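>>> sharing a sequence plus its predicted fold:
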Amino acid sequence: MVYLEPGGKEPLYEQLYRGLKEDITAGRMPKGTMLKSLRVMERELAVSRNTVDRAYAQLLAEGYISAVHGTGYFVEDIARDFSAGAEAGKTAPAPALIPKKTQVKYDFEYDSIESGLFPWTKWKKYVDDALLTEASGRELSYESGKGSLALRRALCGFLFRHRGVSCDPEQMIICAGTQYAMEILTSLLPPDRNRFAYEEPGYAAMRHFIESKAYVLTSIPVVETGVSYDVLKKSRANLLYITPSHQFPTGTVTSISTRNKLLHWANKRDAYIIENDYDSEFRYGMIPIPSLQSLDKGQRVVYMNTLSKILSPSVRCAFLILPWKLVALYEKKYRWFNSALPSYHQNALAQMIEDGALERHLRKIAVWNEKKYHILADAIETHLAGAVRIVRYPAGVHTLIKIAGCKDQERLIRGLEQAGVRIYSIKRHCHDAAKAYENIFLMGFNSMSERDIISGCKRMAAALAELN
């Protein structure tokens, strides 16, 4: 029985979600158990239908339960045994150049941020304060090779609050972007860990980076619950790169059962999982999915993230959280290296986090992005009905669309660009399954104004009518 605390710090739907999740993970609600109906739960707990619906929706999104149309909700097999088995020892306290894009009036890009959303005034204040502090010191010294201790401490607290990540500041390495983070990581991985498993489809730039390091690379298809565990366990891979909380480009969320199976695979295979927590901050209408690292008891997950999508790509602050074995290797190999980010820059970020300004900004842009998504969805329904359909409710800052009758993705993209509209290919992120995505495209919405989103959809409708 779940007990709720009206007026408590947590919203009622979150209390209900956490209570049910604990019953499922503890085995008190085994596989196949039917949850009480929305109406019954509403009456027994004296809460609104919306409270119960949101809690069930969160459990559904994370894979703890499944829905059977016309019947109800049932507990899934979450494979609790797979997360067991802690590691002995210390535990945690390139292709051809791509041509530059031509300018178009309506660019539905997914890797930029609307400039007006950046807190320029506050950021300037934090940078000025950090510079003043540095200027008033008696001496200037090199920053730790891991980065500012103040920033690492602040980020550890931030990640624990938002992603459930549990780590020591000594496990964190501040890097100038995710590519540089991967450069460091691949230099630390043992030589016999040389067989990478990679999502299919998956972020093309990172795939090319891994291939450039001469790793043996195996494509693992993305299915409804995340990367296919059945395909992974049959492979010879001993490394896995994954974006489990918001898979790019499909937007798939890796279910709790699959997450636990992946951890079991890593323990059994003596493998490492590189978790890129891409766009995990934006889960509209739902609690963010816990990170894979937060479930890891065996020190098998390398956690990677960046502040680019929260603040700006120009901030260039990414970070790695290493298992302790790799921390020891880092300290030995990089003992004479200095941090790549300016110290005043790092200290400004640390103060911004400590003051709560980063979290307030995160809440603001999450609300703003959700509003923009609904504007995009309404514009598609109004102006592109019959021609375009949204195929996945978004997390992050893009959505997937299907264009009816498209048999040549590249030709359609070129035709739209000539009309002043740019949408993006999903096929360029495929290695083996490009044909399956011929009529599926990416549309971003966070870098465009509300007016341009609507006008862009109108222009796109006119262009598609001519192309077809």
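Arrived safely.
>>> quick one, strands of the stretch 51-200 of the chain?
65-68, 72-75, 106-107, 172-175, 195-200 (DSSP state E, counting those that start in this stretch).
>>> mean confidence for the second one?
The one in question is strand 72-75. Here strand 72-75 scores 90 as its mean pLDDT.
>>> neighbours of S343, how many?
22 (other C-beta atoms under 10 Å). Heads up, the C-betas are built off the backbone N, CA and C, glycines and all.
>>> that one and K21: what is the separation?
Going from S343 to K21 by C-beta to C-beta, to the nearest Å gives 41 Å.
>>> what are the ranges of the helices in the protein?
Along the chain, counting by DSSP state H, helices occupy 12-25, 38-45, 49-62, 120-135, 149-163, 178-188, 204-212, 229-234, 256-269, 324-333, 343-354, 357-383, 409-418, 450-467.
>>> and this protein, split by domain according to the record?
12-78, 106-116+360-467, 120-356 (automatic domain parsing).
>>> next, the distance between the ends of the second one.
Right, domain 106-116+360-467. 17 Å (C-alpha to C-alpha, to the nearest Å).
>>> what do you get for the last one?
Distance between the two ends of domain 120-356: 16 Å, counting by C-alpha to C-alpha.
>>> ok, back up a step: possible to save the domains of the chain as TSV with distance to Y3?
As requested, the domains of the chain are exported to TSV (distance: least, C-beta to C-beta, whole Å):
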stretch	distance to Y3
domain 12-78	7
domain 106-116+360-467	28
domain 120-356	19
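>>> nearest spatial neighbour of Y334, skipping sequence neighbours?
The spatially closest residue to Y334, leaving aside those adjacent along the chain, is G145, at 5.1 Å (C-beta to C-beta, 6 or more residues apart in numbering).
>>> swap in K213?
Distances taken as C-beta to C-beta, 6+ apart put T186 closest to K213, at 5.3 Å, once the chain neighbours are dropped.
>>> over to D432?
Leaving aside its sequence neighbours, D432 sits nearest to S219 (C-beta to C-beta, 6+ apart; 4.9 Å).
>>> kindly report the same for E134.
In space, and not counting its chain neighbours, E134 is closest to Y344: 5.2 Å by C-beta to C-beta, 6+ apart.
>>> correct me, but that neighbour touches D129?
No. Using C-beta atoms under 8 Å, Y344 is not in contact with D129, being 9.2 Å away.
>>> okay, now A318: neighbour count?
Neighbours of A318 (other C-beta under 10 Å): 23.
>>> from A465, how far off is the nearest residue to E417 once chain neighbours are set aside?
In space, and not counting its chain neighbours, E417 is closest to V104: 5.7 Å by C-beta to C-beta, 6+ apart. Distance from V104 to A465, counting by C-beta to C-beta: 18 Å.
>>> more neighbours: which of those two?
For V104 and A465, the more surrounded residue by other C-beta under 10 Å is V104, and the numbers stand at 17 against 9.
>>> so that one touches R422, yeah?
Yes. Using C-beta under 8 Å, V104 is in contact with R422, at 4.7 Å.
>>> the residue nearest to Y334 and K333 touch, don't they?
No. The criterion here is C-beta under 8 Å, and G145 misses it with K333 at 9.9 Å.
>>> mean pLDDT and distance to C430 added to the helices of the chain, as TSV?
Formatted as TSV, the helices of the chain follow (pLDDT from 0 to 100; distance: least, C-beta to C-beta, whole Å):
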stretch	mean pLDDT	distance to C430
helix 12-25	88	34
helix 38-45	87	39
helix 49-62	87	25
helix 120-135	88	38
helix 149-163	93	28
helix 178-188	93	21
helix 204-212	92	8
helix 229-234	96	15
helix 256-269	96	21
helix 324-333	95	31
helix 343-354	92	36
helix 357-383	89	24
helix 409-418	94	11
helix 450-467	95	23
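>>> now the angle from the lengthiest strand in the chain to helix 256-269?
Determined from DSSP state E, the single longest strand within the chain is strand 216-223. Interaxial angle of strand 216-223 relative to helix 256-269 (axes from the mean of the first three to the mean of the last three C-alpha atoms, to 10 degrees): 160 degrees.
>>> with that, I have no additional questions.
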